[in-house]
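K.L.:
Mind looking at a prediction? Sequence and model below.
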Amino acid sequence: MRQHWTRGALFVSSLFVLQACTTPEPPKKAAAPAPAPQAAASAAPAGAPTAEIEKYRAMIADGNPSDLYEMAGEELWKKAMGPKNATLEKCDLGLGPGVVKGVYAVLPKYFKDTNKVQDLESRIVTCMERLQGFDAKEIIAGNFGQGKRKDVEAVVAYVVANSKGSTINVSMKHPKEKEMYELGKKSFFYQAGPMDFSCASCHADPGKRIRLQDLPNLTTQAGAALGWGAWPAYRVSSGTFWTMQYRLNDCYRQQRFPEPIYISDDTIAVSMYMAVMANGGKMAAPGLKR
């Protein structure tokens, strides 16, 4: 059993088959007494729940708890740690050693030194291993929000915050980048599991939602920019910061897929597909979610 399931996950799972990814149906007409003038004036228009959620997010946006993770991440970035007693300040995340400004907007990308396409988390783990001497296998085998993986998540918050407002510009020039994009696209539409779900089951059509949560159509540029651009994010319901790897892990759980390996090629590929689809959009992360 996963130790990192969020609170209420069992309750959500029990309702998921009935409620997930449905386009809301218009209410059936029924005879009803005429409302009092005051009640009629206060009747909520269609779409009011979504509007209220957006108002709620706007009210608390200035106090996004992701800020605390960002501060911790900056400290970890500059602190000498590990068997090699080194900082991460020489880590090349894609725009040169030590550069964090705007770097999340160009990830995932191909790195010559690893001969792989990497997302932010896998690249940070590479730097922790090579610069600081930490064991990457231990981080991969760990759990979200615990141990060195928790440190990775904090560094992610720091780096992502430094890309807020940047234009998403993920490369497709290298053959391995094209290959990873195609793998991600295939994975996005791949249907499997006991419910025959795929990522596209929830994120490939307009107008879908889970309860009060609108689901962005990630197969369009606008929808992908909205979705990809708002993650990673702080999840109020779980009281913790979720990286994109964490978010994808939970998507796989909701589809009843086997748990993906942390920073595996498949999870990076799905990120590559979403990021490329979002090209031209603006980074708004770290976001704030229900």
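P.N.:
Received, thanks. Just so you know, these numbers come straight off a predicted model, no measurement behind them. Residues are numbered from 1 along each chain as shown.

K.L.:
Neighbours of the closest residue to residue 215 other than its chain neighbours, how many?
P.N.:
Leaving out its chain neighbours, the residue that sits closest to residue 215 by CB to CB, 6 or more residues apart in numbering is residue 208, at 4.5 Å. The C-beta positions use only the backbone N, C-alpha and C, and glycine is treated the same way. Residues within reach of residue 208, counting by other CB atoms under 10 Å, total 19.

K.L.:
pLDDT wise, what is residue 208 at?
P.N.:
Per-residue confidence (pLDDT) for residue 208: 71.

K.L.:
Surely it and residue 216 touch.
P.N.:
No: contact criterion CB atoms under 8 Å: residue 208 and residue 216 do not qualify, at 9.1 Å.

K.L.:
Settle this for me: residue 103 is touching residue 95, isn't it.
P.N.:
Yes: applying CB under 8 Å, one finds residue 103 in contact with residue 95, separated by 5.0 Å.

K.L.:
who's more crowded, those two?
P.N.:
residue 103 (21 against 15).

K.L.:
Quickly note the distance from the residue lying closest to the more buried one once chain neighbours are set aside to residue 127.
P.N.:
Using CB to CB, 6+ apart and skipping the chain neighbours, the partner closest in space to residue 103 is residue 93 (4.6 Å). Separation of residue 93 from residue 127 (CB to CB, to the nearest Å): 8 Å.

K.L.:
And these two? Which one has more around it.
P.N.:
Per other CB under 10 Å, whichever of residue 93 and residue 127 has more neighbours is residue 93, with 24 against 21.

K.L.:
Could I get the pLDDT score of that one?
P.N.:
99.

K.L.:
What of residue 34?
P.N.:
48.

K.L.:
Residue 198 too?
P.N.:
With respect to pLDDT, residue 198 has a value of 90.

K.L.:
I figured it was touching residue 190, is that so?
P.N.:
Yes: applying CB under 8 Å, one finds residue 198 in contact with residue 190, separated by 5.5 Å.

K.L.:
residue ranges of the helices in the stretch 151-290 of the chain, please?
P.N.:
Per DSSP state H, counting those that start in this stretch, the stretch 151-290 of the chain carries helices over the ranges 175-189, 199-203, 221-228, 244-254, 265-277.

K.L.:
ok, which stretches of the stretch 51-200 of the chain are strands?
P.N.:
Counting by DSSP state E, counting those that start in this stretch, the stretch 51-200 of the chain has strands at residues 109-111, 116-118.

K.L.:
which residues touch the first one?
P.N.:
Just to be clear, that refers to strand 109-111. With CB atoms under 8 Å, 6 or more residues apart in numbering as the test, strand 109-111 has contacts from 92, 94, 116-118, 123, 126, 170-171, 174, 176-177.
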